[in-house]
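*Asks:* no sequence on hand, only this structure:
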């Protein structure tokens, strides 16, 4: 669903075109970066905004900025130049970027940005630039947690926290691709209809319902075999109780930094696996990244996976896009569009 938002391992020395902190900044212009060996210069058309960028900007991310600092993991656009040793890509290709680098090495939120060639994918022609900029973070994160780690399979009940996020919506689709059942968790009932429309089999409002009791009811008393959670904090105790015997609980975020209470007895006697997961486990491993890209590309081609764009903002309103993200009302991805210069 698209709707317009209200108005409103190097390269530190190669800033994006819009970086005002660059030593090259002079009266609103910066030098165009030049790709080095193994690098690609992309003239961007759309930028994908994630919670990671907000946390990075606020000093809450796991990686500290190196000043002067750029920002951004996801972008789509057209290749403008190639560095030495780059093969399989051509100037003029429409591409998107798989997050497989740190924002301190390759910040890709800008008008002309560098990316390592291994992270650049020629995206399917059926995708718009806005859709292409919203693919990789959400779908590879969901793939990594559900398929690569938890081995989700037909018949599983999968509990998906923060289900209205872009990753949560991707997890619903990947759960269905595996033949499993998606139980979406959201704080209140306000997003229930939109989550059902997005494919959730059931929706549980965590602030209004007893999560563990409701999940037991929905699963015939067995609980969820897979739990996919970016929140942590006090709610983790309810997820442990809602988990089935020998369930996999995959934690891919820490939106609630409150220390998590944990019933060790439940973990022990239910034989639970609780595993922290980061996207970069997949995207910095050549084999696993290739498998993930192939899985997602196949799903996109078959129509099994479709990125959901909640709102778009022009580049000049990128600060407003961050505010909109932090308000938490979106269902899907927030995209920043870049003028075709």
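*Replies:* Good, I have the coordinates. Fair warning: this is a prediction, and the values are worked out from it, not measured in the lab.
*Asks:* can you pull out the low-pLDDT segments for this structure?
*Replies:* By pLDDT under 70, the weakly predicted segments of the chain are 1-29.
*Asks:* determine the longest helix present in it.
*Replies:* helix 286-302 (DSSP state H).
*Asks:* same for the helix or strand immediately after it in the chain, what does it pack against?
*Replies:* Counting by DSSP states H and E, the element after helix 286-302 in chain order, helix or strand, is strand 309-314. On a contact count with 3 or more C-beta pairs under 8 Å, 6 or more residues apart in numbering; DSSP states H and E, strand 309-314 meets helix 129-132, helix 318-327, strand 333-337. Yep, even glycine has a C-beta here, placed from its N, CA and C like the rest.
*Asks:* can you list these in JSON lines and add distance to residue 198?
*Replies:* Putting those into JSON lines (distance: least, C-beta to C-beta, whole Å) gives the following:
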{"stretch": "helix 129-132", "distance to residue 198": "15"}
{"stretch": "helix 318-327", "distance to residue 198": "18"}
{"stretch": "strand 333-337", "distance to residue 198": "12"}
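*Asks:* now, of the ones you listed, which is deepest in the fold?
*Replies:* With neighbours taken as mean count of other C-beta atoms under 10 Å, the helices and strands packed on strand 309-314 reach their highest mean count in strand 333-337, at a mean of 25.
*Asks:* contacts for that one, please.
*Replies:* Residues from elsewhere that reach strand 333-337 (C-beta atoms under 8 Å, 6 or more residues apart in numbering): 5, 45-49, 109, 129-130, 133-134, 138, 166, 307-315, 317-318, 321, 324-325.
*Asks:* any of those residues buried? List them.
*Replies:* Buried members of these, scored by 16 or more other C-beta atoms under 10 Å, are 5, 45-49, 109, 129-130, 133-134, 138, 166, 307-313, 315, 317-318, 321, 324-325.
*Asks:* and the closest residue to residue 118 other than its chain neighbours, how far is that from residue 258?
*Replies:* Distances taken as C-beta to C-beta, 6 or more residues apart in numbering put residue 100 closest to residue 118, at 6.7 Å, once the chain neighbours are dropped. The gap separating residue 100 from residue 258 is 31 Å, by C-beta to C-beta, to the nearest Å.
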